[in-house]
Each structure stands twice: as C-alpha cells, then as structure tokens.
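> structure here, sequence nowhere to be found:
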C-alpha cells in the first residue's frame, strides 16, 4: 500500500496513512471517528503509533458498496 491510493481487497477498500508522529495520527483518527459517526458508516481502523490503516466495507451487504466510496 502507499499513502495516495485505496486498494481493493477481499476485506474491503483499504488505505494506509503514515504521519510524522503519534499526535498527528491521533488527530486523524479522531476526525475519522467523528465523520464516521455523522455518516453512520464506520471503518475498521488499525492504529500503530504514526500509522493508520482504514478498511471500508458495508457489513450489512457483505460487500463493498456505494457507501464505501
């Protein structure tokens, strides 16, 4: 994965972000959480220090749907 592209996998649409430090990654995750709540569509988030991996997948449909794009 790279910082500029979403990858389609069997788990869903996946994108990795790498930040300069923990604090910046934390703010990013907080913003994603707020937006996800507003849209009632929640990504899977893996967060390790300065790296965040988001996976979008519509669990109700068991597929990638328009909601994920």
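It's in. It should be emphasised that the depicted structure is a prediction, and the values quoted were computed from it without experimental measurement.
> my guess is residue 58 contacts residue 67, does it?
Yes: using CB atoms under 8 Å, residue 58 is in contact with residue 67, at 5.2 Å. Backbone N, C-alpha and C define where each C-beta goes, glycine included.
> quick one, what contacts the spatially most central residue of the chain?
Centroid-nearest residue in the chain, with CA atoms, centre = their mean: residue 54, separated by 2.2 Å. For residue 54, the contact set (CB atoms under 8 Å, 6 or more residues apart in numbering) comprises 14, 15, 17, 32, 43, 44, 45.
> am I right that it sits in a strand?
Yes: when DSSP: H, G, I helix; E, B strand; the rest coil is applied, residue 54 is found to be in a strand.
> quick check: bridge partners of it?
For residue 54, the beta-bridge partners are residue 15, residue 45 (DSSP bridges).
> tell me the pLDDT at it?
In this prediction, residue 54 carries a pLDDT score of 97.
> oh, and call the first residue 53 from now on, that's how I've got it
That works, and once the first residue is 53, the last one we named lands at residue 106.
> let me see the contact set for residue 115.
Counting by CB under 8 Å, 6+ apart, residue 115 makes contact with residue 109.
> go on, residue 69?
Residues counted as contacts of residue 69 (CB under 8 Å, 6+ apart) are 55, 77, 80, 103, 104, 105, 106.
> residue 121 now?
Per CB under 8 Å, 6+ apart, neighbours of residue 121: residue 65.
> which residues in this structure form strands?
59-61, 64-70, 96-100, 103-108 (DSSP state E).
> compute the inter-axis angle for the third one and strand 64-70.
Just to be clear, that refers to strand 96-100. Using axes from the mean of the first three to the mean of the last three CA atoms, to 10 degrees, the direction of strand 96-100 lies 20 degrees away from that of strand 64-70.
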